[in-house]
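>>> Just need the structure, nothing else, for what follows:
(one chain, ligands or ions: 1)
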Amino acid sequence: MSDFSADADWLHWHQSPTKPGFTPPAGAVDAHCHVFGPGHRFPFAPERKYTPCDASKEQLWALRDHLGFSRNVIVQATCHGADNRALTDALAHSGGRARGVATVKPDVSEAELRALHDAGVRGVRFNFVKRLVDALPFDSLQSVAERIKPLGWHIVIYFEARELPELYDFFTSLPTTVVVDHMGRPDVSKPVAGEEFQLFVRLLREHGNFWSKVSCPERLSLTGPATYDDVVPFARHVVENFPERVLWGTDWPHPNMKSHMPDDGALVEMIPRIAPTPELQYKLLVENPMALYWPEEGEARRVA
Ligand SMILES: O=C(O)c1cc(C(=O)O)oc(=O)c1
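Sure, this is the predicted structure:
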(Lines give C-alpha, C1' and ligand atoms only; values in the text may rest on other atoms or scores of the structure.)
Protein backbone atom coordinates (compact mmCIF):
# COMPACT_ATOMS: atom_id res chain seq x y z
CA MET A 1 0.00 0.00 0.00
CA SER A 2 1.41 3.40 -0.96
CA ASP A 3 1.43 6.28 1.51
CA PHE A 4 0.41 8.52 -1.40
CA SER A 5 -2.69 8.78 -3.57
CA ALA A 6 -2.06 9.36 -7.24
CA ASP A 7 -3.56 12.50 -8.78
CA ALA A 8 -7.26 12.03 -9.50
CA ASP A 9 -6.72 12.18 -13.29
CA TRP A 10 -3.63 9.96 -13.21
CA LEU A 11 -3.57 7.34 -15.97
CA HIS A 12 -2.11 3.96 -15.13
CA TRP A 13 0.35 2.48 -17.62
CA HIS A 14 -0.84 -0.08 -20.17
CA GLN A 15 -1.55 -3.36 -18.39
CA SER A 16 -1.12 -5.74 -21.32
CA PRO A 17 1.23 -4.26 -23.92
CA THR A 18 1.36 -6.24 -27.15
CA LYS A 19 4.40 -8.30 -28.06
CA PRO A 20 6.04 -6.16 -30.76
CA GLY A 21 6.41 -7.62 -34.24
CA PHE A 22 9.77 -5.86 -34.47
CA THR A 23 12.49 -7.74 -32.54
CA PRO A 24 15.13 -5.36 -31.17
CA PRO A 25 18.75 -6.37 -31.85
CA ALA A 26 20.46 -8.40 -29.11
CA GLY A 27 21.62 -6.16 -26.29
CA ALA A 28 19.08 -3.38 -26.95
CA VAL A 29 18.82 -0.59 -24.37
CA ASP A 30 15.61 1.21 -23.34
CA ALA A 31 17.42 4.49 -22.69
CA HIS A 32 14.59 6.48 -21.12
CA CYS A 33 12.31 5.09 -18.43
CA HIS A 34 11.47 5.82 -14.81
CA VAL A 35 10.63 4.17 -11.51
CA PHE A 36 8.14 5.74 -9.08
CA GLY A 37 8.46 4.85 -5.41
CA PRO A 38 7.06 2.67 -4.10
CA GLY A 39 5.91 5.65 -2.07
CA HIS A 40 6.02 3.91 1.31
CA ARG A 41 9.76 3.18 0.87
CA PHE A 42 10.83 6.08 -1.31
CA PRO A 43 8.52 9.02 -0.64
CA PHE A 44 7.72 11.45 -3.41
CA ALA A 45 9.34 14.87 -3.03
CA PRO A 46 7.43 17.60 -1.16
CA GLU A 47 8.09 20.03 -4.03
CA ARG A 48 6.69 17.66 -6.72
CA LYS A 49 4.18 18.95 -9.26
CA TYR A 50 2.35 15.63 -9.63
CA THR A 51 1.79 12.46 -7.61
CA PRO A 52 1.97 9.27 -9.67
CA CYS A 53 0.98 5.71 -8.90
CA ASP A 54 3.85 3.46 -7.83
CA ALA A 55 5.86 1.93 -10.69
CA SER A 56 8.42 -0.51 -9.38
CA LYS A 57 11.73 -1.80 -10.63
CA GLU A 58 10.31 -5.32 -10.86
CA GLN A 59 7.54 -4.07 -13.16
CA LEU A 60 10.16 -2.28 -15.25
CA TRP A 61 12.27 -5.43 -15.61
CA ALA A 62 9.14 -7.39 -16.64
CA LEU A 63 8.40 -4.84 -19.37
CA ARG A 64 12.05 -4.91 -20.52
CA ASP A 65 11.89 -8.68 -20.97
CA HIS A 66 8.46 -8.62 -22.60
CA LEU A 67 9.59 -6.06 -25.19
CA GLY A 68 12.82 -7.93 -25.97
CA PHE A 69 15.23 -5.41 -24.47
CA SER A 70 18.34 -6.20 -22.40
CA ARG A 71 19.04 -3.04 -20.42
CA ASN A 72 17.52 0.15 -19.09
CA VAL A 73 18.61 3.71 -18.48
CA ILE A 74 16.48 4.98 -15.62
CA VAL A 75 15.99 8.73 -15.55
CA GLN A 76 15.22 10.40 -12.23
CA ALA A 77 11.60 11.51 -12.39
CA THR A 78 10.73 15.01 -11.20
CA CYS A 79 8.23 13.64 -8.65
CA HIS A 80 11.25 12.38 -6.67
CA GLY A 81 13.03 15.76 -6.80
CA ALA A 82 16.73 15.40 -5.94
CA ASP A 83 16.15 12.34 -3.74
CA ASN A 84 17.67 9.62 -5.89
CA ARG A 85 17.02 6.66 -3.57
CA ALA A 86 14.33 4.97 -5.68
CA LEU A 87 16.66 5.26 -8.67
CA THR A 88 19.76 3.90 -6.92
CA ASP A 89 17.74 1.08 -5.34
CA ALA A 90 16.61 0.04 -8.83
CA LEU A 91 20.18 0.22 -10.15
CA ALA A 92 21.44 -1.87 -7.22
CA HIS A 93 18.91 -4.59 -8.03
CA SER A 94 19.39 -4.58 -11.80
CA GLY A 95 22.23 -7.10 -11.95
CA GLY A 96 24.29 -4.47 -13.79
CA ARG A 97 21.62 -4.14 -16.49
CA ALA A 98 20.56 -0.60 -15.63
CA ARG A 99 22.33 2.73 -15.41
CA GLY A 100 20.91 6.02 -14.24
CA VAL A 101 20.53 9.75 -14.72
CA ALA A 102 20.11 11.60 -11.42
CA THR A 103 18.95 15.00 -10.27
CA VAL A 104 21.28 16.81 -7.88
CA LYS A 105 21.28 20.13 -6.10
CA PRO A 106 24.16 22.58 -6.55
CA ASP A 107 25.39 21.88 -3.00
CA VAL A 108 25.70 18.12 -3.58
CA SER A 109 28.92 16.85 -1.95
CA GLU A 110 31.81 15.09 -3.67
CA ALA A 111 31.03 12.00 -1.58
CA GLU A 112 27.39 12.00 -2.73
CA LEU A 113 28.44 12.33 -6.37
CA ARG A 114 30.93 9.50 -5.95
CA ALA A 115 28.27 7.30 -4.32
CA LEU A 116 25.89 8.00 -7.22
CA HIS A 117 28.64 7.10 -9.67
CA ASP A 118 29.35 3.85 -7.85
CA ALA A 119 25.61 3.10 -7.94
CA GLY A 120 25.63 3.37 -11.75
CA VAL A 121 24.64 6.99 -12.37
CA ARG A 122 26.26 8.47 -15.48
CA GLY A 123 24.44 11.77 -15.92
CA VAL A 124 22.38 14.55 -14.39
CA ARG A 125 19.11 15.95 -15.66
CA PHE A 126 18.34 19.66 -16.03
CA ASN A 127 14.62 20.21 -16.48
CA PHE A 128 13.09 23.38 -17.95
CA VAL A 129 9.50 22.21 -18.40
CA LYS A 130 7.56 24.60 -16.21
CA ARG A 131 4.66 22.26 -15.44
CA LEU A 132 7.22 19.82 -13.94
CA VAL A 133 9.73 21.92 -11.98
CA ASP A 134 10.79 25.35 -10.85
CA ALA A 135 14.01 25.54 -12.89
CA LEU A 136 17.25 26.48 -11.17
CA PRO A 137 19.11 29.60 -12.31
CA PHE A 138 21.71 29.11 -15.04
CA ASP A 139 24.68 29.81 -12.75
CA SER A 140 23.60 27.05 -10.34
CA LEU A 141 23.25 24.64 -13.24
CA GLN A 142 26.65 25.68 -14.61
CA SER A 143 28.21 24.87 -11.27
CA VAL A 144 26.54 21.43 -11.25
CA ALA A 145 27.87 20.92 -14.79
CA GLU A 146 31.42 21.74 -13.70
CA ARG A 147 31.10 19.40 -10.70
CA ILE A 148 29.94 16.37 -12.71
CA LYS A 149 32.29 16.84 -15.66
CA PRO A 150 35.32 15.20 -13.99
CA LEU A 151 33.23 12.06 -13.43
CA GLY A 152 32.76 11.73 -17.19
CA TRP A 153 29.00 12.22 -16.82
CA HIS A 154 26.73 13.89 -19.34
CA ILE A 155 23.77 16.27 -18.94
CA VAL A 156 20.22 15.41 -19.99
CA ILE A 157 18.00 18.41 -20.78
CA TYR A 158 14.22 18.54 -21.05
CA PHE A 159 12.49 21.58 -22.52
CA GLU A 160 9.68 22.66 -24.86
CA ALA A 161 10.59 23.62 -28.45
CA ARG A 162 9.18 27.14 -28.08
CA GLU A 163 11.68 27.81 -25.25
CA LEU A 164 14.75 26.76 -27.25
CA PRO A 165 15.62 30.22 -28.60
CA GLU A 166 16.07 31.64 -25.11
CA LEU A 167 17.85 28.54 -23.76
CA TYR A 168 20.12 28.02 -26.77
CA ASP A 169 23.16 29.98 -25.58
CA PHE A 170 23.05 28.41 -22.14
CA PHE A 171 22.79 24.93 -23.63
CA THR A 172 25.72 25.44 -25.99
CA SER A 173 27.85 26.72 -23.10
CA LEU A 174 27.57 23.36 -21.29
CA PRO A 175 30.92 21.59 -21.02
CA THR A 176 29.86 17.94 -21.43
CA THR A 177 27.92 15.69 -23.76
CA VAL A 178 24.30 16.91 -23.66
CA VAL A 179 21.35 14.61 -24.37
CA VAL A 180 18.01 16.19 -25.31
CA ASP A 181 14.88 14.45 -24.06
CA HIS A 182 12.12 13.67 -26.55
CA MET A 183 13.63 15.66 -29.48
CA GLY A 184 13.09 18.91 -27.60
CA ARG A 185 9.31 18.39 -27.77
CA PRO A 186 8.62 19.72 -31.29
CA ASP A 187 5.20 21.05 -32.23
CA VAL A 188 4.51 18.43 -34.90
CA SER A 189 1.78 20.53 -36.52
CA LYS A 190 4.65 22.63 -37.88
CA PRO A 191 6.85 21.39 -40.74
CA VAL A 192 10.10 19.46 -40.21
CA ALA A 193 11.74 22.03 -42.48
CA GLY A 194 10.19 24.92 -40.54
CA GLU A 195 12.04 27.42 -38.38
CA GLU A 196 11.21 25.86 -35.03
CA PHE A 197 12.43 22.32 -35.67
CA GLN A 198 15.33 23.50 -37.77
CA LEU A 199 16.69 25.43 -34.78
CA PHE A 200 16.86 22.11 -32.95
CA VAL A 201 18.49 20.47 -35.98
CA ARG A 202 21.01 23.31 -36.04
CA LEU A 203 21.81 22.64 -32.37
CA LEU A 204 22.69 19.05 -33.27
CA ARG A 205 24.48 19.94 -36.50
CA GLU A 206 26.68 22.70 -35.12
CA HIS A 207 27.41 21.13 -31.73
CA GLY A 208 28.81 17.63 -31.92
CA ASN A 209 28.39 17.15 -28.17
CA PHE A 210 24.56 17.19 -28.52
CA TRP A 211 22.55 13.96 -28.72
CA SER A 212 18.79 13.44 -28.97
CA LYS A 213 16.35 10.87 -27.69
CA VAL A 214 13.85 10.08 -30.45
CA SER A 215 11.23 9.13 -27.91
CA CYS A 216 7.70 9.97 -26.81
CA PRO A 217 5.57 9.97 -29.96
CA GLU A 218 2.63 9.55 -27.57
CA ARG A 219 3.36 12.96 -26.02
CA LEU A 220 4.02 14.75 -29.29
CA SER A 221 1.42 13.30 -31.64
CA LEU A 222 -1.68 15.27 -32.48
CA THR A 223 -3.19 12.45 -34.53
CA GLY A 224 -3.19 9.95 -31.69
CA PRO A 225 -2.34 6.43 -30.75
CA ALA A 226 -3.24 4.44 -33.85
CA THR A 227 0.04 5.16 -35.66
CA TYR A 228 1.60 8.39 -34.38
CA ASP A 229 2.17 9.15 -38.08
CA ASP A 230 2.76 12.85 -37.53
CA VAL A 231 5.81 12.27 -35.30
CA VAL A 232 7.59 9.83 -37.63
CA PRO A 233 9.13 12.39 -40.05
CA PHE A 234 10.65 14.35 -37.14
CA ALA A 235 12.23 11.32 -35.50
CA ARG A 236 13.38 9.86 -38.79
CA HIS A 237 15.00 13.14 -39.80
CA VAL A 238 17.04 13.16 -36.59
CA VAL A 239 18.01 9.46 -36.82
CA GLU A 240 19.07 9.72 -40.46
CA ASN A 241 21.06 12.92 -40.01
CA PHE A 242 22.70 12.13 -36.66
CA PRO A 243 22.84 8.31 -36.51
CA GLU A 244 25.72 8.27 -34.03
CA ARG A 245 23.99 10.58 -31.53
CA VAL A 246 20.49 9.21 -31.07
CA LEU A 247 18.92 7.14 -28.30
CA TRP A 248 15.50 5.53 -27.94
CA GLY A 249 13.37 4.87 -24.87
CA THR A 250 9.86 3.82 -23.91
CA ASP A 251 9.36 6.58 -21.29
CA TRP A 252 7.53 3.94 -19.21
CA PRO A 253 5.45 4.49 -17.06
CA HIS A 254 4.54 7.56 -19.12
CA PRO A 255 3.97 10.21 -16.43
CA ASN A 256 1.31 12.84 -16.98
CA MET A 257 -0.24 11.34 -20.09
CA LYS A 258 -3.80 12.64 -20.24
CA SER A 259 -5.14 11.81 -23.72
CA HIS A 260 -4.39 8.06 -23.64
CA MET A 261 -1.86 5.55 -22.38
CA PRO A 262 0.41 4.12 -25.07
CA ASP A 263 0.81 0.41 -25.72
CA ASP A 264 4.56 -0.05 -25.13
CA GLY A 265 4.60 -2.83 -27.73
CA ALA A 266 3.23 -0.40 -30.32
CA LEU A 267 5.99 2.08 -29.42
CA VAL A 268 8.62 -0.59 -30.14
CA GLU A 269 6.79 -1.47 -33.35
CA MET A 270 7.45 2.10 -34.53
CA ILE A 271 11.24 1.77 -34.39
CA PRO A 272 11.71 0.51 -37.98
CA ARG A 273 9.69 3.50 -39.21
CA ILE A 274 12.11 5.98 -37.62
CA ALA A 275 15.29 3.91 -38.06
CA PRO A 276 14.57 2.04 -41.30
CA THR A 277 17.75 -0.07 -41.70
CA PRO A 278 19.31 -2.70 -39.43
CA GLU A 279 22.44 -0.52 -39.20
CA LEU A 280 20.47 2.49 -37.95
CA GLN A 281 18.52 0.28 -35.53
CA TYR A 282 21.75 -1.16 -34.12
CA LYS A 283 23.25 2.28 -33.53
CA LEU A 284 20.04 3.61 -31.99
CA LEU A 285 19.36 0.68 -29.68
CA VAL A 286 22.78 -0.81 -28.90
CA GLU A 287 25.91 1.00 -30.06
CA ASN A 288 25.00 4.55 -29.00
CA PRO A 289 23.51 3.83 -25.55
CA MET A 290 26.33 1.39 -24.79
CA ALA A 291 28.93 4.06 -25.68
CA LEU A 292 27.27 6.55 -23.34
CA TYR A 293 26.28 4.33 -20.41
CA TRP A 294 28.55 1.25 -20.53
CA PRO A 295 31.67 2.59 -22.30
CA GLU A 296 33.90 0.17 -20.38
CA GLU A 297 32.29 -2.77 -22.19
CA GLY A 298 33.32 -1.31 -25.54
CA GLU A 299 36.83 -0.77 -24.15
CA ALA A 300 36.96 -4.38 -22.99
CA ARG A 301 35.90 -5.60 -26.45
CA ARG A 302 38.55 -3.45 -28.15
CA VAL A 303 41.31 -4.66 -25.81
CA ALA A 304 40.33 -8.35 -26.01
O1 LIG B 1 6.38 15.14 -19.98
C2 LIG B 1 6.36 14.69 -18.80
O3 LIG B 1 5.41 14.87 -18.03
C4 LIG B 1 7.55 13.98 -18.31
C5 LIG B 1 7.80 13.98 -16.93
C6 LIG B 1 8.98 13.44 -16.49
C7 LIG B 1 9.36 13.53 -15.07
O8 LIG B 1 8.53 13.90 -14.26
O9 LIG B 1 10.55 13.28 -14.80
O10 LIG B 1 9.85 12.84 -17.33
C11 LIG B 1 9.60 12.76 -18.67
O12 LIG B 1 10.45 12.22 -19.38
C13 LIG B 1 8.43 13.35 -19.17
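>>> Residue 285: how many residues sit nearby?
Residues lying near residue 285 (other CB atoms under 10 Å) number 27. From N, CA and C alone the C-beta is placed, and that goes for glycine too.
>>> Surely it and residue 24 touch.
Yes: with contact defined as CB atoms under 8 Å, residue 285 and residue 24 form a contacting pair (5.4 Å).
>>> what do these two both touch?
Residues touching both residue 285 and residue 24 (CB atoms under 8 Å, 6 or more residues apart in numbering): residue 271.
>>> Skip the chain neighbours and tell me the closest residue to the residue in the stretch 101-250 of the chain positioned nearest to the ligand.
Proximity of the stretch 101-250 of the chain to the ligand (CB to the nearest ligand atom) peaks at residue 132, 5.1 Å away. Nearest non-adjacent residue to residue 132, counting by CB to CB, 6 or more residues apart in numbering: residue 78, 4.5 Å away.
>>> In terms of pLDDT, where does the one you found sit?
We have a pLDDT of 98 for residue 78.
>>> give the contact list for it.
By CB under 8 Å, 6+ apart, the neighbours of residue 78 are 48, 49, 50, 103, 127, 132, 133.
>>> Tell me how many other residues crowd the third one.
Neighbourhood size, residue 50 [other CB under 10 Å]: 16.
>>> Provide the secondary structure category for it.
Taken by DSSP: H, G, I helix; E, B strand; the rest coil, the conformation at residue 50 corresponds to coil.
>>> Hmm, residue 79 and it touching each other?
Yes: between residue 50 and residue 79 there is a contact under CB under 8 Å: 5.9 Å.
>>> got any residues that touch both of those two?
In terms of CB under 8 Å, 6+ apart, residue 50 and residue 79 are both contacted by the residues residue 255.
>>> Scan the chain for its longest strand.
Taking DSSP state E as the criterion, the chain has its longest strand at strand 121-127.
>>> packing partners for that strand?
Contact here means 3 or more CB pairs under 8 Å, 6 or more residues apart in numbering; DSSP states H and E; on that basis strand 121-127 packs against helix 85-92, strand 98-102, helix 138-148, strand 154-158.
>>> okay, those in TSV with mean pLDDT next?
As requested, those are arranged in TSV below (pLDDT from 0 to 100):
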stretch	mean pLDDT
helix 85-92	98
strand 98-102	98
helix 138-148	97
strand 154-158	98
